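**Student:** Output the structure for:
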Amino acid sequence: MDRSTLALVAALLLAVCSLSPTSHAETVHCDLQPVDSEVTYFTSQVSEGCVAHVPNATLEVHILFLEFSREVSELELTVHMSRPNGTRPRGVLLVLGIDKYVIVSLKTPGIPLHLAFNPNLVTLKGSPEVNTTRLSVFAKSQILNWAHAQGAITSVAKLNDPRSILLHLDQAPRSPPSCSPEPHMDMGRMLEWQPLAGASVRGCRLAGVTGQKEAHILRVLPGSEARPRTVTVNVELMCPSGDRDTVLILQGPPYVSWLIDANHDMQIRATGEYSVKIFPENNMPGFALPNTPQGLLEEARRHNASVVASFVELPLANAVSLRASRCGSGPQTSPTPVQTTPPKESCNPALLMSLIQPKCSDDIMTLVLKKNLISTLKCTITSLTFLDPSCQAEDRDDQLVLRSAYSTCDMELTENVVSNEVVVNLLSSSSPQRKKVQCINMENFSFQLGLYLTPQFLQASTTIELGQQGFVQVSVSPSNPELMLQLDSCQLDLGPEAETVELIQSQAPKGSCVSLLSPSPHGDVRFSFLLRSYMVPTPKTGTLSCTVALSSRTWSLEVHRTLSMHLNIVSPGMPGKTLVLPAVLGITFGTFLIGALLTATLWFIYSHTRPPSKREPVVAVAAPASSESSSTNHSIGSTQSTPCSTSSMA
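**Tutor:** Okay, here's the model as predicted:
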């Protein structure tokens, strides 16, 4: 190797050695630390979920499995549906599977929604105009099976610590026909949600860079589905415009474009197309940016930023909001003072009062507050009473119980409602907290449970034959348009030697031999069942029991009643058995037919044996009117039988 070549190699080595420290310094002299900026976001990514398209379903079912880390949480749930003119909305059932106590603020503008949940864990804030069902199953598999029996499952989503949820009921036409939950699912336009905890925001000072320019870096990670989408980015900086030069760096997958809304002039570097909200139609081409944290930090240095005011990595989001409390909010050069006294958490009276929900039964109002929920809210209750201060709550181990009959404790009775006021005195407040509570006044209402043997529900019966279809109706009188009657459960007890036959569970038919029927014009609830024809030993009696709920359409009130009736059960061919209506109709028709045939035979013999000279003119007998004939035939064939698997009725 000649001398010139050696000189060139030495020069290159010196150049590399001189550049290496600078490159190394750029990498290590940016120690990302937490800053006081706040980043919240909405995303369609869920830990587990699915979306289906069932165009012919009369009832679409949506299921939300919600897991919370806190003992008491608040959730804002909004349900939205696009309804083109002339399109009738389908029935919608929303099922909430929840593991801890949550207070739900529900918004359903103009949507005929039916909500199923566990009332022991869910409190509906306010008085949403929705029909509700008491969900008595808890395991995930049980909830899925119960929901599948109600209708077509359109979506399932599992969320951890949601703050708010927006559910769009418009079905996705490109989705599969059935819903099979998958991990890390992108719910698309069906569901958006905001986590309770915002994103982790960090910042740093870039060594070796002078000036007042700061950088905000947002990195959106790829999702499970690579489809084009626009991420809305809202940036709110709490400093006067022009105080400090700013560069906004947005990096994401190649299929992501950006819509930026900022209250501060800033330089923008983004992958993919981007536009500014004040000029949304002007799409500007993006830039090629590094896809690593270190690369993005070096990108900020190349744009002469001395401070990375915020650095955030997020799952694929639909909307991101960045709020910086002050400009240049990187870590301070002076040490942070050590706080010797931890901040004192105060009681949240509004959240505590929302936990107070009355339960009404047997003309008694009861309110229960669990002590663990009270302590979780950092509250200390000194007294819990009704409007009458002498009616105080009882301390029962792990809960406080306040109860009163409708005739005591200054209860106010009207025609349909019993009202009172709960007064709570807190150690942290000088003035008491008050809340009005109400129950439905059942004094003027009566319930009826009836068994019928025809679907016309014309004549009640206390006798049913094995193998026969029974029709059950539950009614309340007097009827009131403000109150709604719901059937919670029904069962048929056939005695100690036979298993109890479950007919209705959680407002759903149990087995293929049971069918829910349309309510009567007066709102009476109805269902039918087929009594199994072979049983060993053969039952002779039974007790039909049904639990119903009467709830208010305008208040968050609900009262439960259990009704029962005694049934006689007869077997086909049993000597001396009581004749039921179809048998009576059959015998009547048979007797009529035999009489008619005998009359016709006698008339035939008489007309052919008498002398011709003494024959008299035949008088024509009018045939029965068609309406009478059709009515008779309809009555005879009115007893129907529903095909089903009788093995499920054991």
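**Student:** can you give me the helices for the chain?
**Tutor:** Taking DSSP state H, the helices of the chain run over residues 3-28, 140-150, 293-302, 349-354, 371-376, 581-609, 626-636.
**Student:** and those, which one's lowest on average pLDDT?
**Tutor:** Here the helices of the chain differ in mean pLDDT, and the lowest is helix 626-636 at a mean of 34.
**Student:** If the nearest residue to residue 515 once chain neighbours are set aside is in a bridge, with which residues?
**Tutor:** Closest residue to residue 515 apart from its sequence neighbours, by C-beta to C-beta, 6 or more residues apart in numbering: residue 528 at 5.2 Å. The C-beta positions use only the backbone N, C-alpha and C, and glycine is treated the same way. Applying DSSP bridges to residue 528 gives these bridge partners: residue 471, residue 515.
**Student:** who touches residue 528 in this structure?
**Tutor:** By C-beta atoms under 8 Å, 6 or more residues apart in numbering, the contact set of residue 528 is 455, 469-472, 514-515, 517, 642.
**Student:** Serialize those to TSV and add fields for pLDDT.
**Tutor:** Output for these, formatted as TSV (pLDDT from 0 to 100):
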residue	pLDDT
455	92
469	91
470	93
471	95
472	95
514	90
515	89
517	91
642	36
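**Student:** Can you flag the buried ones in those?
**Tutor:** Applying 16 or more other C-beta atoms under 10 Å to those, the neighbour count classes 469-472, 514 as buried.
**Student:** of those residues, closest to residue 569?
**Tutor:** Residue 569 lies nearest to residue 470 out of the buried ones among the contacts of residue 528, by C-beta to C-beta, at 10.4 Å.
**Student:** give me every residue that touches that closest one.
**Tutor:** Contact analysis of residue 470 by C-beta under 8 Å, 6+ apart lists 451-453, 464, 528-531.
**Student:** of all those, which comes closest to residue 197?
**Tutor:** Using C-beta to C-beta, residue 529 is the member of the contacts of residue 470 that lies nearest residue 197, at 49.8 Å.
**Student:** Please name the residues that touch the closest residue in space to the closest one that isn't next to it in sequence.
**Tutor:** Excluding the flanking residues, the one nearest residue 529 by C-beta to C-beta, 6+ apart is residue 514, at 4.7 Å. Applying C-beta under 8 Å, 6+ apart to residue 514 gives the contacts 503-504, 527-530.
**Student:** Please identify which two of those residues are farthest apart in space.
**Tutor:** Distance extremes for these: the farthest pair is 504 and 530 at 14.1 Å, using C-beta to C-beta.
**Student:** Where neighbours are concerned, which of the contacts of residue 514 has the most?
**Tutor:** Of all those, the highest neighbour tally under other C-beta atoms under 10 Å goes to residue 529, namely 27 neighbours.
**Student:** That residue reaches residue 502, doesn't it?
**Tutor:** No - with contacts counted by C-beta atoms under 8 Å, residue 529 stays clear of residue 502, the gap being 10.3 Å.
**Student:** Going along the chain, name the strands of the stretch 1-150 of the chain.
**Tutor:** For the stretch 1-150 of the chain, the strands defined by DSSP state E, counting those that start in this stretch cover 33-34, 38-43, 45-51, 59-67, 72-80, 91-98, 101-107, 113-117, 122-124, 131-134.
**Student:** could you redo these as CSV and give each row mean pLDDT?
**Tutor:** CSV is the format used below for the strands of the stretch 1-150 of the chain (pLDDT from 0 to 100):
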stretch, mean pLDDT
strand 33-34, 88
strand 38-43, 92
strand 45-51, 93
strand 59-67, 93
strand 72-80, 90
strand 91-98, 91
strand 101-107, 89
strand 113-117, 89
strand 122-124, 85
strand 131-134, 81
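**Student:** Export those strands as TSV, with columns for distance to residue 434.
**Tutor:** Output for those, formatted as TSV (distance: least, C-beta to C-beta, whole Å):
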stretch	distance to residue 434
strand 33-34	41
strand 38-43	34
strand 45-51	40
strand 59-67	31
strand 72-80	21
strand 91-98	28
strand 101-107	18
strand 113-117	27
strand 122-124	18
strand 131-134	26
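**Student:** what about those, which gets the closest to residue 245?
**Tutor:** The nearest among the strands of the stretch 1-150 of the chain, by C-beta to C-beta, is strand 38-43 at 21.3 Å.
**Student:** what comes into contact with the closest one?
**Tutor:** Here strand 38-43 makes contact (C-beta under 8 Å, 6+ apart) with 166, 192-195, 198-199, 201, 310, 312, 314-323, 325.
**Student:** chain center to it: distance?
**Tutor:** 23 Å (C-alpha atoms, centre = their mean, to the nearest Å).
**Student:** Buried residues, that strand. List them.
**Tutor:** Under 16+ other C-beta under 10 Å, the buried positions of strand 38-43 are 39-43.
**Student:** again, but for stretch 441-454
**Tutor:** For stretch 441-454, burial by neighbour count (16+ other C-beta under 10 Å) applies to 441-442, 445, 447, 449-454.
**Student:** Just the CA atoms of that stretch, as CSV, please.
**Tutor:** In CSV, the C-alpha atoms belonging to stretch 441-454 read as follows (Å, rounded to 0.1, in the frame of the first residue of the first chain):
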residue,chain,number,x,y,z
ASN,A,441,-97.2,2.2,45.2
MET,A,442,-98.6,-1.3,44.8
GLU,A,443,-101.6,-0.8,47.0
ASN,A,444,-103.9,-0.1,44.0
PHE,A,445,-102.5,-2.8,41.7
SER,A,446,-103.4,-6.5,41.5
PHE,A,447,-101.7,-9.2,39.5
GLN,A,448,-103.3,-12.2,37.8
LEU,A,449,-101.7,-15.4,36.6
GLY,A,450,-103.8,-17.5,34.2
LEU,A,451,-103.5,-20.7,32.2
TYR,A,452,-105.4,-21.1,29.0
LEU,A,453,-105.7,-24.0,26.6
THR,A,454,-106.1,-22.1,23.3
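**Student:** what's the closest residue to residue 102 other than its chain neighbours in contact with, if anything?
**Tutor:** Among residues not flanking residue 102 along the chain, residue 73 sits closest, at 4.8 Å (C-beta to C-beta, 6+ apart). Residues in contact with residue 73 (C-beta under 8 Å, 6+ apart) are 100-103, 161, 196.
**Student:** Which one (most neighbours) among those?
**Tutor:** residue 102 (21 neighbours).
**Student:** which residues does the closest residue in space to residue 483 that isn't next to it in sequence bridge with?
**Tutor:** Closest residue to residue 483 apart from its sequence neighbours, by C-beta to C-beta, 6+ apart: residue 550 at 5.6 Å. Assessed by DSSP bridges, residue 550 has beta-bridge partners residue 485, residue 559.
**Student:** just checking, residue 550 touches residue 446?
**Tutor:** No - using C-beta under 8 Å, residue 550 is not in contact with residue 446, being 11.4 Å away.
**Student:** Now the common contact residues for those two.
**Tutor:** Common contacts of residue 550 and residue 446 (C-beta under 8 Å, 6+ apart): residue 476.
**Student:** Domain-wise, how is the chain divided?
**Tutor:** Split into domains by the TED database, the chain comes to 46-185, 201-324, 354-440, 446-570.
**Student:** which stretch among those domains comes nearest residue 600?
**Tutor:** Proximity to residue 600 (C-beta to C-beta) singles out domain 446-570 among the domains of the chain, at 31.2 Å.
**Student:** from the chain's centre, how far out does the closest one sit?
**Tutor:** Centre-to-centre, domain 446-570 and its host chain are 27 Å apart (C-alpha atoms, centre = their mean).
**Student:** What is the end-to-end distance of it?
**Tutor:** Domain 446-570 stretches 30 Å from its first residue to its last (C-alpha to C-alpha, to the nearest Å).
**Student:** Could you find the closest non-adjacent residue to residue 492?
**Tutor:** Distances taken as C-beta to C-beta, 6+ apart put residue 501 closest to residue 492, at 4.2 Å, once the chain neighbours are dropped.
**Student:** Now that that neighbour has come up, it's in contact with residue 490, right?
**Tutor:** No - with contact defined as C-beta under 8 Å, residue 501 and residue 490 do not form a contacting pair (9.4 Å).
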